[in-house]
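Visitor: everything below, folded, please.
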Amino acid sequence: MNNIINLNKITKIKINKSNNENNNLKKIKSNKLIDNVHKLNINITNKKEKKNKTIHKNNNVNLNTLSIEKKIDFVITHVDSTNIEWQELYENYKNEKNPTLKSKTKNRFRNNDELKYCLRAIDKYTNFYRYIFIVLNHSPPSWLNIEHPQIKIIHHNQIDDLKDNLPTFNSQAIECNLHKIPDITDEFLYFNDDFFINSNIDYNFFKINNKVNVYIDNYLSPKGEPKKNMSGFFNAWMNSNKILDNYYKKEKRYTIEHCPYFIDKYIVKILENNFKEHFENTTKSKFRELNNINPLCSLIQYHYLYKDIGQIKKSKNCKTIFLKDDYEENKKRIKLLTNTNIKIFCIEDNMLEDKKENIQLIKNFLSKKYPNKSQFEL
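Guide: Take a look at the predicted model:
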């Protein structure tokens, strides 16, 4: 890993080689190392596929459409602002300096029972998970069966590097370190607890023919200089875009759809080594700050594409609705999810006020959508 270039030394490649010869040489070495890791992974997979072809060649099986029965871990991040432990921590740190816009607002931490219905959806529509890791910094919900053999509760203090910067209220800091969860599979799916599966899906929905499916939406990601009067999400995209422009190629990019993110933990490790300062700055931020990045919903997704181990998928299978304080408008948006063929949806809570009718609207919809208890409930 000593050959991987530090981001502070990365500059744009210019045609005038005499001015940038040393930087270009370092960059080439770094890219070669990353490519070698990718080739190793692909060669291992190809050997497995060759073995499978030998097994199936007499059965006329189309391996391009064959559903891969592979078990990987699911990771769900969860927070509950009604939890007493969490409230005590929040009160002690809520006056931290340098947060970005809305990084401390209640909607970032509000619990609308999403986790319960996220798990019900997983239980109903998938079967390719080994364990489901639920990542939190307080006691788990009372309805959750923590003794279930496939449920693993992971507290923030169990994750290397993150545990040295606690408490954190910054989802981007948590994302920088999810690949360090003990005993996690080499590949895993990362869920926010407001992601809901809506029909049967398998491993191939996320990766097929050695390529990760990258689900992009219709919105261009922001570029420019981060500002305090902008959301932490947009600022992190700006910082991530700078990295992608300097290290890969300069271009406009679309944001990534709000749906479970396919993560290769070894590639995250490579990115962490390449962009160490950015990962460290984000991990140290208790709330979202100007210098943070989006490692899992921007950086790694475009890395897949630029290294030709990913392929773009349009967002017709995924849908996000954004709820604000207008109850009548929220009813219309919720209705969009009532009769739909989409595979996965996300209900983004952007409500600044704790209006009971809005919160109940979400709960009523989810309880009707997923009425049956999952195997993970008491």
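Visitor: partners of whichever helix or strand Ile153 is part of in the sheet?
Guide: Ile153 is part of strand 151-155 when elements are defined by DSSP states H and E. As defined by DSSP bridges, the strand partners of strand 151-155 come to strand 129-136 (parallel).
Visitor: who touches the partner strand?
Guide: Residues from elsewhere that reach strand 129-136 (Cβ atoms under 8 Å, 6 or more residues apart in numbering): 71-80, 115, 119, 122, 140, 144, 150-156, 159, 174, 178, 181, 184-185, 189, 376. Bear in mind the C-beta positions are built from the backbone N, C-alpha and C, glycine included.
Visitor: so which of those are in strands?
Guide: Cross-referencing these against strands under DSSP state E gives 72-77, 151-155, 189.
Visitor: surely Asp202 is in contact with Tyr125?
Guide: No: taking contacts as Cβ atoms under 8 Å, Asp202 lies outside contact range of Tyr125: 9.7 Å.
Visitor: now do the shared contacts for the two.
Guide: With Cβ under 8 Å, 6+ apart, Asp202 and Tyr125 have no common neighbours.
Visitor: so where do the strands sit in this structure?
Guide: 72-77, 129-136, 151-155, 187-192, 195-197, 207-208, 211-220, 254-256, 261-264, 310-314, 318-323, 344-349.
Visitor: Asn107: which of the ones you listed is closest?
Guide: Proximity to Asn107 (Cβ to Cβ) singles out strand 344-349 among the strands of the chain, at 4.9 Å.
Visitor: and the closest one, how far from the chain's centre?
Guide: With Cα atoms, centre = their mean, to the nearest Å as the basis, strand 344-349 stands 14 Å off its chain's centre.
Visitor: kindly reformat the strands of the chain as a markdown table containing distance to Thr283 and mean neighbour count.
Guide: Putting these into a markdown table (distance: least, Cβ to Cβ, whole Å; neighbours: other Cβ atoms under 10 Å) gives the following:
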| stretch | distance to Thr283 | mean neighbour count |
| --- | --- | --- |
| strand 72-77 | 15 | 22 |
| strand 129-136 | 14 | 22 |
| strand 151-155 | 16 | 18 |
| strand 187-192 | 16 | 23 |
| strand 195-197 | 23 | 23 |
| strand 207-208 | 27 | 18 |
| strand 211-220 | 24 | 17 |
| strand 254-256 | 21 | 19 |
| strand 261-264 | 17 | 24 |
| strand 310-314 | 25 | 15 |
| strand 318-323 | 26 | 18 |
| strand 344-349 | 24 | 21 |
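Visitor: make JSON lines out of those strands and add distance to Leu299.
Guide: Formatted as JSON lines, those follow (distance: least, Cβ to Cβ, whole Å):
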{"stretch": "strand 72-77", "distance to Leu299": "17"}
{"stretch": "strand 129-136", "distance to Leu299": "19"}
{"stretch": "strand 151-155", "distance to Leu299": "22"}
{"stretch": "strand 187-192", "distance to Leu299": "13"}
{"stretch": "strand 195-197", "distance to Leu299": "19"}
{"stretch": "strand 207-208", "distance to Leu299": "18"}
{"stretch": "strand 211-220", "distance to Leu299": "12"}
{"stretch": "strand 254-256", "distance to Leu299": "10"}
{"stretch": "strand 261-264", "distance to Leu299": "11"}
{"stretch": "strand 310-314", "distance to Leu299": "12"}
{"stretch": "strand 318-323", "distance to Leu299": "19"}
{"stretch": "strand 344-349", "distance to Leu299": "20"}
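Visitor: if we can go back for a sec, run the chain-centre distance for the strand holding Ile153.
Guide: Its chain's C-alpha centre and that of strand 151-155 lie 17 Å apart, by Cα atoms, centre = their mean.
Visitor: same check, this time on stretch 134-153
Guide: Centroid separation between stretch 134-153 and its chain, computed with Cα atoms, centre = their mean, is 20 Å.
Visitor: mind listing what's buried in it?
Guide: By neighbour count on 16 or more other Cβ atoms under 10 Å, the buried set for stretch 134-153 is 134-138, 140-141, 144, 148, 151-152.
Visitor: pull the CA atoms of the strand holding Ile153 into CSV?
Guide: Output of strand 151-155 as CSV, limited to C-alpha atoms (Å, rounded to 0.1, in the frame of the first residue of the first chain):
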residue,chain,number,x,y,z
ILE,A,151,-29.5,-10.6,13.9
LYS,A,152,-26.2,-9.0,15.0
ILE,A,153,-26.3,-5.8,17.1
ILE,A,154,-23.2,-3.7,16.5
HIS,A,155,-22.6,-0.7,18.7
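Visitor: what residues does that strand touch?
Guide: Outside strand 151-155, the residues touching it (Cβ under 8 Å, 6+ apart) are 131-137, 140, 144-146, 181-182, 376.
Visitor: closest to Asn339 among those residues?
Guide: Using Cβ to Cβ, Phe376 comes nearest to Asn339 of these, at 27.3 Å.
Visitor: residues contacting that closest one?
Guide: Applying Cβ under 8 Å, 6+ apart, we find Phe376 in contact with 119, 123, 132, 144-145, 148, 150-151.
Visitor: for Trp86, state which of those residues is nearest.
Guide: Within these, distances to Trp86 taken as Cβ to Cβ reach their minimum at Leu144, with 15.6 Å.
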